[in-house]
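1. no sequence on hand, only this structure:
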């Protein structure tokens, strides 16, 4: 069985710095007919479980710990018994959403996860959040960018725990070194490619 990507969208709120915003989040399911990873767990655990079907969830891999990416993760873990994986630099953000709860494992730059016979390389890409990661799957020619890179440019850096020069550095050093035809599956909105975003990430220090 070959590896494939399934996709669904869930809707809810993003909350930080005392504000609340309505958002639609992409949820990516990476695997085959028997096993899969769930990439991010926003808003609605049942919608994610419906997309997973009867497959075994081997891990819930979080691109970062903003509330709209982790809101349903505890319910999803309870339903699947899958471990939650997060970069440790996002511990403070995690605790804002789930105080007193723990993740099950930590991601680090250069880690290689395995699913459906393919490697998934962890790229630490801070800027939107301190522990933001992207997940590169060479066999599929794609990267799951979370909120680091969107169709149109870098993720937002106007709130706490974020930094514009840092996200630009992450994109240029970690993502723009991937093949230009790499498809970028984002945390919100439409797909893009590395090539399409080359001119959308300026060097200047402006948010």
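-> Noted; the coordinates are in hand. The shown structure was predicted, so the numbers you read here are calculated from the model rather than taken from an experiment.
2. show me where this protein has strands.
-> 4-16, 19-31, 35-39, 56-61, 84-86, 105-106, 112-115, 118-124, 133-137, 142-146, 149-150, 153-154, 183-186, 192-193 (DSSP state E).
3. got TSV for those, with mean pLDDT too?
-> Formatted as TSV, the strands of the chain follow (pLDDT from 0 to 100):
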stretch	mean pLDDT
strand 4-16	97
strand 19-31	97
strand 35-39	98
strand 56-61	98
strand 84-86	98
strand 105-106	98
strand 112-115	98
strand 118-124	98
strand 133-137	99
strand 142-146	98
strand 149-150	98
strand 153-154	98
strand 183-186	98
strand 192-193	98
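4. let me know which of those is tucked in deepest.
-> Each of the strands of the chain was assessed for mean neighbour count using mean count of other Cβ atoms under 10 Å. The highest is strand 142-146, with a mean of 27. Placement of C-beta: from N, CA and C, glycine included.
5. list the contacts of that strand.
-> 5, 28, 30, 39-40, 63-64, 69, 123, 125, 128, 132-137, 155, 175, 178, 182-187, 194 (Cβ atoms under 8 Å, 6 or more residues apart in numbering).
6. sheet partners, orientation included, of that strand?
-> Strand 142-146 has its sheet partners listed here by DSSP bridges as strand 133-137 (antiparallel), strand 183-186 (parallel).
7. and of those strands, who's closest to residue 200?
-> strand 183-186 (11.2 Å; Cβ to Cβ).
8. quick one: contacts for residue 113?
-> Residue 113 sits next to 37, 59, 61, 85, 119-120, 122, 135 when contact means Cβ under 8 Å, 6+ apart.
9. quick one on the thing from earlier: and residue 19, which of the strands paired with strand 142-146 is closest to it?
-> strand 183-186 (21.6 Å).
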